[in-house]
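**Student:** Below are the sequence and a predicted model; questions follow.
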Amino acid sequence: MTISHDEIREKVIATVAEALDHRPEEVGLHSSLIDDLGAESIDFLDIAFRLESAFGIEIPDDEIWVGAVGKKNPGPEEIDAAVAALRERMPDYRWDRLPPKPGRTDLPRLITVQTVVDYLERRLA
């Protein structure tokens, strides 16, 4: 079964909205799960579980959350490159909330609905 980009996006928005107690129209593609939607660490587990159920896949621990940078333990150069690529892909993200040179501790704040959609599209391809 093939699932379209639009279907993935709609399911992710609905899942994140429900898990974080928001209306779907409050959840944008470039919404930071932490900064914009108030997610905490326990919420990430809940969202991952819901996405596994919605898409019929198993998501290894923490794998979905590396979608913003592409790997679990990036070095400084990899973080710089990933942030530069994200700035290109996500111009609507509120970059002013991050330091000019984000570090490893800032990475969870870069998890957006779009990075989750991107991860799922790669997994489901």
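**Tutor:** Looks like it came in fine.

**Student:** give me the low-pLDDT residue ranges for the protein?
**Tutor:** 1, 65-71 (pLDDT under 70).

**Student:** any chance you could map the helices in it?
**Tutor:** 5-19, 41-55, 76-89, 113-124 (DSSP state H).

**Student:** What residues of the third one count as buried?
**Tutor:** Within helix 76-89, the residues that qualify as buried by neighbour count (16 or more other Cβ atoms under 10 Å) are I79, A82, V83, L86. All C-beta atoms are positioned from the backbone trio N, CA, C, and that covers glycine.

**Student:** Now find how far off-centre it is within its chain.
**Tutor:** Its chain's C-alpha centre and that of helix 76-89 lie 15 Å apart, by Cα atoms, centre = their mean, to the nearest Å.

**Student:** Packing partners of it?
**Tutor:** Packed against helix 76-89, as judged by 3 or more Cβ pairs under 8 Å, 6 or more residues apart in numbering; DSSP states H and E, are no other helices or strands.

**Student:** OK, contacts around the closest residue to L33 other than its chain neighbours?
**Tutor:** What sits nearest to L33 in space, not counting adjacent residues and going by Cβ to Cβ, 6 or more residues apart in numbering, is A39, at 4.1 Å. Counting by Cβ atoms under 8 Å, 6 or more residues apart in numbering, A39 touches L20, L33, I47.

**Student:** Between those, which sits nearest V12?
**Tutor:** Closest to V12 out of the contacts of A39 is I47 (9.0 Å), distances taken as Cβ to Cβ.

**Student:** neighbours of that closest one, just the number please.
**Tutor:** 23 (other Cβ atoms under 10 Å).

**Student:** H30 and T115 touch, don't they?
**Tutor:** No - if you go by Cβ atoms under 8 Å, H30 and T115 don't touch, sitting 9.4 Å apart.

**Student:** Settle it for me: which of those two has more neighbours?
**Tutor:** The residue with more neighbours, out of H30 and T115, is T115; 26 against 16, by other Cβ under 10 Å.

**Student:** Now render the contacts of A39 as CSV, adding distance to L120.
**Tutor:** Listed next are the contacts of A39 as CSV, based on distance: Cβ to Cβ, whole Å:
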residue, distance to L120
L20, 17
L33, 14
I47, 12
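
**Student:** Many thanks, I have nothing further to ask.
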